[in-house]
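# Predicted model follows, preceded by the sequence.
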Amino acid sequence: VRYVPFFGSSEWERMDAFHPSVLAAKYHRPYRPFLLGKRGTQSLTQYFGMQTILPELKNKQAVFVVSPQWFDKQGVDPAAFDFYFSNLQAAQWLKHVNGSQVDRYAASRLVKVQGQKKHDDMTDMYQRVASGQPLTGWQRWSIGIQRRLLDHEDQLFSRFQISDNYQRRIVPRLSQLPKKYDYQQLYRLAGQKAARETNGNRFGIYNRFYDHRIKPIGLKRLAGIQKKFYYTQSPEYGDFQLVLNQLAKSKVDVMFVIPPVNSRWAEFTGLDQNKYQQAVSKIKYQLRSQGFDNIADFSHDGAKPYFMQDTIHLG
């Protein structure tokens, strides 16, 4: 099986019969999506995750969903980053640092989002790299020992399978699709399914999401809540640059996907679509100025019927 990494965040959790993983399995495509991302994963998490799969990335293909919502004033939430970050990722990265500007920036971000609330040997190393100092001989020896121990630990625990997502979430949906791939037939089926499952609200939001995530809060409390949201200034742009540097260095052929927001929901909550598009333009400039021209920009499609499953996730 040829795996293609699909980097992103919580959109991959929106599993239905039209998910890329289901379509690839049903129509025997020559690849299988390897989904990398959950709620709270952003560029910094993806960058350090890449450090553990560099040989598998080199000269390969990938899909990367970059959400403008990541680019808020704060950037990645430290708690979310800490949840996904592991010492094995840090050890793999520290093994290759050479004092470059990229290394120094990555280390300064680690100190900012992960190292402030604790102080240990790893934090000392981050601080040295951030300040442009090389690791000491003892630190490099320590990293080698830690990496070997963490590799063995990873191999041990990877034997314990928590759940088989392929059998549990993909296989049962294969029968919902026609035997032969037909785009127009799939388009009709998706529209019919979406019409049934979004008929309980005026925003075109998946009923279950609306009932469990929006109703309990109440529309009155959510009206105009995004009036002050903007995405043109954020540390996320620097974190995204780390990702771009790594993808370029590894010579990965990447398709970048830029999703929209649900237009009806954006209007209700006061999100300024012009400001949203300013962020999209900035992201596209960052990509194109470095030779990343394979961009699927769906940012203008948030008003299309059933294009969005909920407020910000593709349907």
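Thanks, I have it.

# Hmm, Arg128 and Arg104 touching each other?
No: when contacts are counted by Cβ atoms under 8 Å, Arg104 is not listed as touching Arg128 (10.1 Å). All C-beta atoms are positioned from the backbone trio N, CA, C, and that covers glycine.

# for Pro33, helix, strand, or coil?
At Pro33 the chain is in strand, as set by DSSP: H, G, I helix; E, B strand; the rest coil.

# How many residues are close by it?
20 (other Cβ atoms under 10 Å).

# for Asp301, same thing?
13.

# Likewise for Gly238?
Count around Gly238 with other Cβ under 10 Å applied: 15.

# Arg109 is in contact with that one, correct?
Yes: contact criterion Cβ under 8 Å: Gly238 and Arg109 qualify, at 7.3 Å.

# now Ala279: how far from Phe71?
Between Ala279 and Phe71 the distance, using Cβ to Cβ, to the nearest Å, works out to 6 Å.

# Quick check: neighbours shared by those two?
231-232 (Cβ atoms under 8 Å, 6 or more residues apart in numbering).

# which parts of the helix ranked longest in the chain are buried?
Using DSSP state H to define each element, the chain has its longest helix at helix 137-157. The neighbour-count check on helix 137-157 (16 or more other Cβ atoms under 10 Å) flags 139, 142-143, 146-147, 150 as buried.

# where do the helices sit along the stretch 51-200 of the chain?
Remark: helices assigned in the stretch 51-200 of the chain by DSSP state H, counting those that start in this stretch are 54-57, 78-84, 87-96, 101-113, 121-130, 137-157, 165, 171-174, 183-197.

# will you turn those into TSV that also has distance to Tyr230 and mean pLDDT?
Formatted as TSV, the helices of the stretch 51-200 of the chain follow (distance: least, Cβ to Cβ, whole Å; pLDDT from 0 to 100):
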stretch	distance to Tyr230	mean pLDDT
helix 54-57	33	94
helix 78-84	21	93
helix 87-96	31	89
helix 101-113	21	95
helix 121-130	28	91
helix 137-157	40	80
helix 165	36	78
helix 171-174	38	94
helix 183-197	30	96
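
# any chance of these in TSV, with distance to Arg288 too?
Shown next, in TSV, are these (distance: least, Cβ to Cβ, whole Å):
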stretch	distance to Arg288
helix 54-57	22
helix 78-84	28
helix 87-96	27
helix 101-113	20
helix 121-130	30
helix 137-157	37
helix 165	35
helix 171-174	36
helix 183-197	28
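
# Tell me, how many residues neighbour Leu244?
With other Cβ under 10 Å as criterion, Leu244 counts 20.

# now swap in the one 10 residues further on and tell me
Neighbour count of Val254, defined by other Cβ under 10 Å: 21.

# I'd like the distance between it and Gly224.
From Val254 to Gly224 the distance is 37 Å (Cβ to Cβ).

# One more: Thr45?
Distance from Thr45 to Gly224, by Cβ to Cβ: 31 Å.

# Give me the more crowded residue out of these two.
The neighbour comparison of Thr45 against Gly224 (other Cβ under 10 Å) goes to Thr45, with 26 against 11.

# Any figure for the gap between the more buried one and Ser175?
35 Å.

# repeat for Val257
Relative to Ser175, and taking Cβ to Cβ, Val257 is found at 27 Å.

# Which residues are in contact with the nearest residue to Val111 once chain neighbours are set aside?
Using Cβ to Cβ, 6 or more residues apart in numbering and skipping the chain neighbours, the partner closest in space to Val111 is Tyr126 (5.0 Å). Listed by Cβ under 8 Å, 6+ apart, the contact set of Tyr126 reads 90, 107-108, 110-111, 114-115.
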